[in-house]
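# sequence first, predicted coordinates after that:
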Amino acid sequence: MELERAVETYLRHVALERGLSDHTVAAYRRDLAVYGEWLGARGVTEVDAVTPEVIAEFAAERASAVPAPASSSLARLQSSVRGLHRFLVREGRVETDPSGRLRPPKAPRRLPKALTIAQVADLLDAAGPAPGSFDASAAEPSAVRDRALLELLYATGARVSEIVQLDVDDTAHGDLLRVRGKGDKERIVPVGSYARAAVEAYLTRVRPGLAAKGRATPRLFLGVRGAPLSRQSAWLVIQTAAERAGLTAHVSPHTLRHSFATHLLQGGADVRVVQELLGHASVATTQIYTHVTVDALRDVYAGAHPRAR
């Protein structure tokens, strides 16, 4: 089968049958155009003529290009090539998949960005007044909700998707919170007094009014029209609070999760306890935070020890 026709057949498949977005299909098209041009320069115009050695040469050449491509771009390119050849095998256009041994490059491991304890306090104050403070009684309902949302994110280290899926009943366990994580796995997470007070203020002063505006729902956090708060709305709450707090670094819902883990480890918590609290299946995932605390220790040592430099 001619390569150019094979590519067009595959692109129609991903656009129509798999329902991928126009943006994704366009990215596939660009990647496969690069692949097709490279093959054409070597006289390869039929898919039957593509061998594992040819694909390995293509991957090696792209990886050593100058300037060096980002690992994410290289991984996407290789994914496009694998997708094409797997499709051709499934459709019976070719007998074997020459891309079977192609492995995507490992993405560089990025250490999570954590806020300092002082920055977290600034972020929380920017979201809304603390319960019991002078300004709390006159605070806007949304500010009370936003403070409770951010307090709970930082107090539990939960993912934003887990927090917006909480029901009111999940908070009815005193200082424990029931969280439903990935794969619908439940875990119990302790909640400190600050977050408990913020959630209680929200439940008694704000949520009844929000709930009256929409359909009945057990969800804990509600939007201004009474519907369950979405992940996007929660993200916007955090972004707005970060701007008010003057935090120039990128702050996302995951930033509070990173900060939660980092501050626990800096405070002496065992990495396996943090693993349990975060809901990580493997302790290896949690251990990335130990690198963050080691870096912090190194900085303190370099600045404090007379013979550190």
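Structure received. Residues are numbered from 1 along each chain as shown.
# how close does the spatially most central residue of the chain get to Phe260?
With distances taken as Cα atoms, centre = their mean, His254 lies nearest the centre of the chain, 6.6 Å away. His254 is 10 Å from Phe260, where distance means Cβ to Cβ, to the nearest Å. All C-beta spots, glycine's among them, are computed from the backbone N, C-alpha and C.
# how is the residue nearest to the centre of the chain assigned, secondary-structure-wise?
helix (DSSP: H, G, I helix; E, B strand; the rest coil).
# relative to Ser71, how far out is it?
20 Å.
# low pLDDT regions in the stretch 101-250 of the chain?
Across the stretch 101-250 of the chain, the ranges flagged by pLDDT under 70 are 106-112, 134-136.
# so how far is Val54 from the residue of the chain positioned farthest from its centre?
Distance from the C-alpha centroid of the chain, by Cα atoms, centre = their mean, peaks at Gly43 (42.7 Å). From Gly43 across to Val54, the span is 11 Å (Cβ to Cβ).
# for Val81, same thing?
Counting by Cβ to Cβ, the gap from Val81 to Val54 is 11 Å.
# more neighbours: those two, which one.
Taking neighbours as other Cβ atoms under 10 Å, Val81 and Val54 compare with Val81 leading, 23 against 16.
# show me what contacts Ala227?
By Cβ atoms under 8 Å, 6 or more residues apart in numbering, the residues touching Ala227 are Gly214, Arg215, Thr217.
# identify the residue spatially nearest to the last one, adjacent ones excluded.
In other words, Thr217. In this structure, Thr217 finds its nearest non-sequential neighbour in Pro228, 5.7 Å apart by Cβ to Cβ, 6 or more residues apart in numbering.
# again, but for Thr45
That would be Leu3: by Cβ to Cβ, 6+ apart, it lies 5.5 Å from Thr45.
# partners of His173 in the sheet?
Beta-bridge pairing for His173 (DSSP bridges): Leu176.
# and it, how far is that from Leu149?
The spacing between His173 and Leu149, counted by Cβ to Cβ, is 19 Å.
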